[in-house]
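A.B. asks: Predicted coordinates and the sequence they were generated for:
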Amino acid sequence: MAAAAPSQEELRGLYRELILDHARNPRNFGKLAEPSHLAEGINPLCGDKLKVYLQLKEDGQIADASFEGSGCAISVASASLLTEAVIGMTKDDAVGFFSAVINSLTGTEGVKNFDLGKLAALQGVREFPARVKCATLAWHALNAAIHDDQQTATTE
Amino acid sequence: MAAAAPSQEELRGLYRELILDHARNPRNFGKLAEPSHLAEGINPLCGDKLKVYLQLKEDGQIADASFEGSGCAISVASASLLTEAVIGMTKDDAVGFFSAVINSLTGTEGVKNFDLGKLAALQGVREFPARVKCATLAWHALNAAIHDDQQTATTE
Amino acid sequence: MSEQEPRIAELHAAQPGDRRADFPALDQQINGHSLVYLDSAASSQAPTAVIDAVASYQQNDHANVHRGVHTLSHRATEAYEGARDLVKSFVNASTRSEVVFTRGTTEAINLVAQSFCRPVLKPGDRIVITHLEHHSNIVPWQQVCEQTGAELLVASIDEKGQINIAELIGMLDERVRILAIAHVSNALGSILPVRELVEKAHSLDIPVLIDGAQAVPHMPVDVLDLDCDFYAFSGHKMFGPTGIGVLYGKEARLESMPPWQGGGDMILEVSFDGTTYNELPYKFEAGTPNISGAIGLGAAVRYLQGIGMDVIARHEQEILDYMTSELNKVDGMRLIGTADEKASVQSFLLDDIHPHDLGTILDHQGVAIRTGHHCAMPVMNRFGIPGTARASLALYNNRDDIDRLVESLNAARKIFS
Amino acid sequence: MSEQEPRIAELHAAQPGDRRADFPALDQQINGHSLVYLDSAASSQAPTAVIDAVASYQQNDHANVHRGVHTLSHRATEAYEGARDLVKSFVNASTRSEVVFTRGTTEAINLVAQSFCRPVLKPGDRIVITHLEHHSNIVPWQQVCEQTGAELLVASIDEKGQINIAELIGMLDERVRILAIAHVSNALGSILPVRELVEKAHSLDIPVLIDGAQAVPHMPVDVLDLDCDFYAFSGHKMFGPTGIGVLYGKEARLESMPPWQGGGDMILEVSFDGTTYNELPYKFEAGTPNISGAIGLGAAVRYLQGIGMDVIARHEQEILDYMTSELNKVDGMRLIGTADEKASVQSFLLDDIHPHDLGTILDHQGVAIRTGHHCAMPVMNRFGIPGTARASLALYNNRDDIDRLVESLNAARKIFS
Ligand SMILES: Cc1ncc(COP(=O)(O)O)c(C=O)c1O
Ligand SMILES: Cc1ncc(COP(=O)(O)O)c(C=O)c1O
């Protein structure tokens, strides 16, 4: 029935040092003083909730980004890495990056010719399909925030 | 799973001449002019409906009985035989007879020491459990009529 | 030419009627005769593929769905949601959000009556149905009319069991809040011109629910092509398990509706200050769903797709034609339901033998038919009869079944002559 | 004395925890380890007796129930109604009319909210629940309050996860139309003093619904003794199939209620002038029921009766005590739910490891637990936590399972240290 069972290395691949570090010490954690965009993400599977805040300049560049909320190591680390990655991007680049990350976590093939940088550390989740939604939660919120979506983003 | 299959004789035992005769030419068929008691029986399985009418004297004797409605050979013959049987009985005797008939059709043992008269012809139904409710329909209506039950009697 | 011949032979070998071996229940003796099952309109038999899918799920993969990180829960969720994808492709829904699992057709129609209609209905509003509907497509509308003061209008049917289209169309106006019609009548077999009726209703902005319980097992159904707003059907009539069915609804319709039942799985967040409902289709699936039922239904879809619904439709049409002509040869036969467009079902009366007696005598010869009102009492009233005997077909029936039916009808005539 | 010894040995051999071989799903490797299933509160595994009963029904006896004269239909009806009798005896209902089959606990509670409460509720009326309820015993009441203007009152729970009885009783007055409480909390394991609460409520003429989803699989339940008005539970938590559950209701209560869903089987007569509803319990079973599900549930009842619910309760209590004491030995352990009276469930947090991560790491070692809010978000809010890890027991668990749980928790601490 199931795919091959994840091995011990795969478990270590999921909980890499980089992930555990970002989970323990999330970067850019907290509200932005005056966010221009924000959105909340809920994972209905576990009830985890994250809010992503963005400060966009007039030209569309992301001047600042932060997040708030509680979640598992995977979702918090993913959100923390997200904020680091998108600060300085234009909003269009961030949307492109969003797609690339989602694709790298859920696609059947790895993403080629796209430098995910530190985000590559999240790819261990591919061996744990039940946890993919944890890794994508903040990204869906980011996308909703950029698109000024009123609705709560979910991972479904 | 199932009990032993009914044999050809059993089918003939169900559709005896007496039953077919009463089904084709039901006795006491139609409304009573001034019934003192009446009740309707519905078999929710097939939607068959019968009305039983009684004319009771002051002393509780059943002066007249009739029935109306449509149904299968078993239910019509049973109703026809019922009217024949109960005319002249006291209402208490009729209730006792009702119990004996129901028992003879549904009980796990045959009824002992009770003369069912022609009603014995109905006992072929015991080999056809799906049809027992057809045979008992009029009897439940009789019982409801005697007890002045407002509700429609069903075979459930 | 000669190159074609082997292909024709193959086609013939692949006749659905030859696939009886897939259905273990068909392979048994009833009252000393091999079973002839002509009661699929009430409930169909399941192929081994379905029975095994359910058992294997229980033996290997069962857990609750949607909220578990452990392996079994993940497997169960994948299998359950995979079944939804299969159903989506089977009826050609646009997205999986449009496929809501219910207990069956009945629950699906109740859901629409209570969640789509009740909140908006008021006195003066109307609901239109037809005279040939199953009780499940009548009573929910009677109930919601009683609750709201709306009125139920019923389009009549003719002697052949066909709806009077002009009359039905005449009933459609701005007061009508929904048109709810069968795709195929379970008592008469009539196929309704649903596509045409949807088009007409939509031209007046009237939403349409189609009760597809008797269509889905017998012919290709494409909800996108029909353009209906809702389409309801049952697993147990399409070779799946009992306790599972489907409400297809257009996404925008379902989005606009409040949830019906409340409980686990249909919420995003619960607090005593207020509750946020989950997305489609989960908003309408409160509580632990019938997981094994959905998986069985998915297996049934796969089985049907393996044969092809067009192949099944052609096969059944041939057997239905044969049945009609053979029944017509029986003395004292009166066919009820002789619409020009028919599927899978023939109701009839024989002499003045009550259908119930006929059912017993046929069963005694191993032939299973249904007798009575078929949950369509208004149809019986329309024809002035208390009930009928009904022989109904599925992909596994063949000409031999029809011959056995006719034989046993002749035997019944002898007993009652 | 010496004569007693063999009997004690026999008793020990008959420990439910030794009956794992009856449950095929337990006999498998998950991620290279033999499965330890500690998620029965979400859904239990089914014994072979249940799986086979369902498969055999489908292979031999399936047809639609209640309206057929042919052999299969009769067999199906007998089996379905036989399951009702088994359930009746299992919870000690007075008559089979009091046993209504539903999809599960959730549907049962919705039925009571919509059919028993909605028609009579008005602004100013109250419904009382507790803070430890499952969403399925919250949302239906929120919905009916919103529909009618009635108010929902929530009795609080203390640090151990016990309800504040005095506060709850203080809420009961003539404005309260129903008290709806869990028998056992699914998130905390607390056993509520339901018998005492029913007595108190009845002294004020307040009807009581008990959500027994987490009680029925673990202890003897006697509705007559409890004297509750309604009792709801699910088949899939008591070793039966998904998609089937039960609403027990006192006959007089059920009689007084209008039907909820409309359709086939729940009517005596349908015409366009009006419809007469069927008797109990059929009035509440619209449409083709989950026949195979009911039969599977009946087989589960038979299985449980074969062991004895008191034997099961004793066994589980022993394993629960062992689990509690072993978990308490794990460094960084915080138990959530430490009521004096508990059954079958232990929620916990380990260090600051998020439950979801814990779930994954345990699963990786073959240990299946549930993590998250367990459909009891208000409980999580009460403890100021987003969720817990929850190990829940059933008759098939044993001490080895607990040892494996503890082992894997210690392994998780290493990864996160
Ligand atoms: C206490 C309690 N009530 C209600 C439910 C809902 O049961 P179901 O999902 O089977 O309808 C559950 C289980 O999920 C439960 O644990
Ligand atoms: C046309 C039609 N509609 C609705 C139903 C009800 O389906 P179910 O009993 O599966 O809910 C049936 C079958 O019984 C049917 O034939």
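C.D. replies: Nice, I can see it. Ligands and ions are numbered 1, 2, ... in the order given.

A.B. asks: going forward, measure contacts and count neighbours with C-alpha atoms only.
C.D. replies: OK.

A.B. asks: Tell me the confidence at residue A:10?
C.D. replies: We have a pLDDT of 80 for residue A:10.

A.B. asks: And the average pLDDT for stretch A:69-87 is what?
C.D. replies: Stretch A:69-87 comes out at a mean pLDDT of 95.

A.B. asks: for stretch C:376-394, that is, sorry about that
C.D. replies: Rounded mean pLDDT across stretch C:376-394 is 95.

A.B. asks: So is it next to ligand 2?
C.D. replies: No - using CA under 6 Å from any ligand atom, stretch C:376-394 stays clear of ligand 2, coming no nearer than 8.8 Å.

A.B. asks: Stretch C:217-226 too?
C.D. replies: No - under the criterion of CA under 6 Å from any ligand atom, ligand 2 is not reached by stretch C:217-226; the shortest gap measures 11.0 Å.

A.B. asks: Which of the three states applies to residue C:348?
C.D. replies: Of the three states, residue C:348 takes strand under DSSP: H, G, I helix; E, B strand; the rest coil.

A.B. asks: which ones are touching the nearest residue to it once chain neighbours are set aside?
C.D. replies: Ranked by CA to CA, 6 or more residues apart in numbering or on different chains and with sequence neighbours excluded, the top spatial neighbour of residue C:348 is residue C:335, at 4.3 Å. Going by CA atoms under 8 Å, 6 or more residues apart in numbering or on different chains, residue C:335 touches C:328, C:346-349.

A.B. asks: For chain A, give the residue positioned nearest to chain C.
C.D. replies: Of all residues in chain A, residue A:45 sits closest to chain C, at 4.5 Å by CA to the nearest CA.

A.B. asks: Now do the SS call for that residue.
C.D. replies: Once three-state DSSP is applied, residue A:45 turns out coil.

A.B. asks: Find the nearest non-adjacent residue to it, please.
C.D. replies: Nearest non-adjacent residue to residue A:45 (CA to CA, 6+ apart): residue C:67, at 4.5 Å.

A.B. asks: Neighbours of that neighbour, how many?
C.D. replies: 23 (other CA atoms under 10 Å in any protein chain shown).

A.B. asks: residues making contact with stretch C:376-386?
C.D. replies: Counting by CA under 8 Å, 6+ apart, B:47-48, B:70, C:131-135, C:159, C:187, C:372-373, C:387-388, D:269-272 sit against stretch C:376-386.

A.B. asks: Can you select the buried ones from the residues you listed in ChimeraX?
C.D. replies: In ChimeraX, this line selects whichever of the contacts of stretch C:376-386 come out buried by 16 or more other CA atoms under 10 Å in any protein chain shown:
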select /B:47,48,70 /C:131,132,133,134,135,187,372,373,387,388 /D:269,270,271
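
A.B. asks: Compute the number of surrounding residues for residue 15.
C.D. replies: All of this is about chain A. Residue A:15 has 23 nearby residues by other CA under 10 Å.

A.B. asks: nope, chain C please
C.D. replies: Residues near residue C:15, counting by other CA under 10 Å: 18.

A.B. asks: and what of residue C:341?
C.D. replies: 12.

A.B. asks: can you pull the contacts of the residue nearest to it when sequence neighbours are not counted?
C.D. replies: Distance criterion CA to CA, 6+ apart; nearest residue to residue C:341, sequence neighbours excluded, is residue C:191 at 5.4 Å. When contacts are counted by CA under 8 Å, 6+ apart, residue C:191 touches C:183-185, C:339, C:341-343.

A.B. asks: How about residue C:212?
C.D. replies: Neighbours of residue C:212 in contact, by CA under 8 Å, 6+ apart: C:105, C:182-184, C:231-233.

A.B. asks: Which parts of the stretch 1-150 of chain C are helices?
C.D. replies: All helices of the stretch 1-150 of chain C, identified by DSSP state H, counting those that start in this stretch, fall at C:4-13, C:48-56, C:71-91, C:105-111, C:139-148.

A.B. asks: about what we covered before: compile the contacts of residue C:191 into CSV and extend it with columns for pLDDT and distance to residue D:308.
C.D. replies: Below are those laid out as CSV (pLDDT from 0 to 100; distance: CA to CA, whole Å):
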residue, pLDDT, distance to residue D:308
C:183, 98, 50
C:184, 98, 49
C:185, 98, 49
C:339, 98, 58
C:341, 98, 58
C:342, 98, 55
C:343, 97, 51
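
A.B. asks: Inside helices: which ones of those?
C.D. replies: The members of these all map outside helices under DSSP state H.

A.B. asks: so residue A:22 touches residue A:77, yeah?
C.D. replies: Yes - at 4.7 Å, residue A:22 and residue A:77 qualify as touching, with contact defined as CA atoms under 8 Å.

A.B. asks: who has more neighbours, these two?
C.D. replies: residue A:77 (27 against 19).

A.B. asks: can you pull the contacts of the more buried one?
C.D. replies: A:19-23, A:26.

A.B. asks: Look up which helix or strand it falls in, please.
C.D. replies: helix A:73-86 (DSSP states H and E).

A.B. asks: what is the mean pLDDT for the helix or strand following that helix?
C.D. replies: The helix or strand immediately downstream of helix A:73-86 is helix A:91-106, counting by DSSP H and E. When pLDDT is averaged over helix A:91-106, the result is 92.

A.B. asks: what's the answer for stretch C:75-91, then?
C.D. replies: 97.

A.B. asks: Now it: buried residues?
C.D. replies: For stretch C:75-91, using 16+ other CA under 10 Å, the buried residues are C:75-88, C:90-91.

A.B. asks: which residues are in contact with it?
C.D. replies: A:2, C:57, C:61-66, C:94-96, C:98-99, C:220-223, C:291-292, C:294-295, C:297-299, C:301-302, C:305.

A.B. asks: one more time with 6 Å
C.D. replies: For stretch C:75-91, contacts defined as CA atoms under 6 Å, 6 or more residues apart in numbering or on different chains pick out C:61-63, C:65-66, C:96, C:221-223, C:291, C:295, C:298.

A.B. asks: any idea how chain C splits into domains?
C.D. replies: C:4-46+C:308-416, C:53-305 (automatic domain parsing).

A.B. asks: Quick one: end-to-end length of the last one, please.
C.D. replies: The straight-line separation of the ends of domain C:53-305 (CA to CA, to the nearest Å) is 16 Å.

A.B. asks: need the residues of chain C near chain B, please.
C.D. replies: By CA under 6 Å from any CA of the partner chain, the part of chain C that sits against chain B consists of C:31, C:354, C:356, C:372.

A.B. asks: tell me the contacts of the third one?
C.D. replies: So the one you mean is residue C:356. Here residue C:356 is in contact with B:72, C:371 (CA under 6 Å, 6+ apart).

A.B. asks: what about residue C:248, helix or strand, and which?
C.D. replies: Going by DSSP H and E, residue C:248 is part of strand C:245-249.

A.B. asks: hmm, which helix or strand of chain C has the shakiest average pLDDT?
C.D. replies: helix C:4-13 (a mean of 46; mean pLDDT, DSSP states H and E).

A.B. asks: And stretch C:229-242, end to end?
C.D. replies: 25 Å.

A.B. asks: Residues contacting that stretch, please?
C.D. replies: C:43-46, C:104-105, C:108, C:207-213, C:217, C:244-250, C:293, C:296-297, C:300, D:290-291.

A.B. asks: quick one, what contacts residue A:51?
C.D. replies: A:39-40, A:67-68.

A.B. asks: swap the cut-off to 10 Å and go again
C.D. replies: For residue A:51, the contact set (CA atoms under 10 Å, 6 or more residues apart in numbering or on different chains) comprises A:30-31, A:38-42, A:66-70, A:79, A:137-138, A:141-142, A:145, A:152-153.
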